[in-house]
Structure formats: structure tokens, C-alpha cells
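Participant: Quick one, structure for this:
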Amino acid sequence: MTIVVGYVARPEGRAALDAAVEEARRTGERLVVVTVVRAASADSEVPSDDLEQRLAGEPFPHVVRQGRGDRVPADALLHAVTEYRARLLVIGMRPRPMMGRLLPGATAQQLVLESPCDVLTVRGRVR
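Facilitator: Got it, this is the predicted structure:
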């Protein structure tokens with residue numbers, strides 16, 4: 001089986017990656033890291049080499065996929081979940097104000113509703 005994780009270079013992305021790595025270590029499953037960078041948000045782009053370096057030496061197989069800039073992040077993640085027949089999708093959630101905590105963001109909501117596998121949401125930590 002496979003674990004798919006959505007990654008962006010922000011606290012919520014790092015928290016999601018940490019949780020996915022921990023689960024992959026525990027189960028020995030393959031980890032697929034999907035990064036999607038929109039043209040308007042080039043500041044959050046992370047080279048695949050940095051992720052490969054982060055995962056080097058881990059005891060589980062892994063794949064790093066760079067999503068296309070014109071693809072909606074939720075669509076890229078759902079495509080990877082289907083392609084790799086994932087058991088688990090791990091996503092990070094941004095810290096939200098008190099009233100906003102009741103409602104997830106649009107991307108997270110789409111993933112939770114449309115994913116054919118379980119979705120683990122991880123809260124990003126503010127440093």
C-alpha cells in the first residue's frame with residue numbers, strides 16, 4: 001500500500017510530511033510526496049532535491065512528484081491517490097482564527113469529501 005502526502009514549504013506542509021514519514025516508518029509502506037506550486041505562489045516552491053535529501057536513508061520506498069503549476073492542488077493529490085491506490089492521504093491544515101476552526105479550507109474540504117481513502121489532517125505549528 002501507499003501513503004500520499006501533500007507538501008508545501010510552510011509549517012502545515014512540514015507537519016504533514018513529518019506525520020507521513022512517521023506513518024511510513026511504522027508500516028513500511030511507500031511514501032509519495034506531491035508538491036503542487038501554482039504560478040502565483042512561486043515562493044512556496046521546494047526543489048525535489050531538498051525533499052529527496054530529507055527522505056534519504058529512510059527505511060521505506062518513496063517517490064517525490066512535482067505537480068504541474070496549472071493543476072489545482074486537490075486535483076493533483078486526488079490523482080496521485082488514485083494512481084498509487086493509496087491507503088492514506090496526509091494533508092496539513094493552516095492555523096485558523098477561532099470562528100474559522102469549524103470550517104476547513106476549500107482544498108482540505110474537497111480532499112476530505114472526494115478522497116477514496118482515509119485522510120489524516122495535521123495542524124501546522126506556528127514557530
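
Participant: Pull the contacting residues for G124.
Facilitator: Contacts for G124 (C-beta atoms under 8 Å, 6 or more residues apart in numbering) come out as R10, P11, E12, G13, R14, A15, G92, M93, R94, P95. In this view, the C-beta of every residue, glycine as well, is placed from N, C-alpha and C.

Participant: residue ranges with poor pLDDT in the protein?
Facilitator: 37-49, 68-71, 96-104, 125-127 (pLDDT under 70).

Participant: Show me where it has its strands.
Facilitator: Taking DSSP state E, the strands of the chain run over residues 2-7, 30-35, 62-66, 88-93, 118-123.

Participant: quick one: which of the contacts of G124 is nearest to R65?
Facilitator: Set against R65, the nearest of these by C-beta to C-beta is G13 (14.3 Å).

Participant: For the closest one, give its distance to G28.
Facilitator: To G28, G13 is 23 Å away according to C-beta to C-beta, to the nearest Å.

Participant: So for those two, which sits in the more crowded spot?
Facilitator: G13 (22 against 10; other C-beta atoms under 10 Å).

Participant: Nearest spatial neighbour of the more buried one, chain-adjacent residues omitted?
Facilitator: Excluding the flanking residues, the one nearest G13 by C-beta to C-beta, 6 or more residues apart in numbering is Y7, at 4.7 Å.
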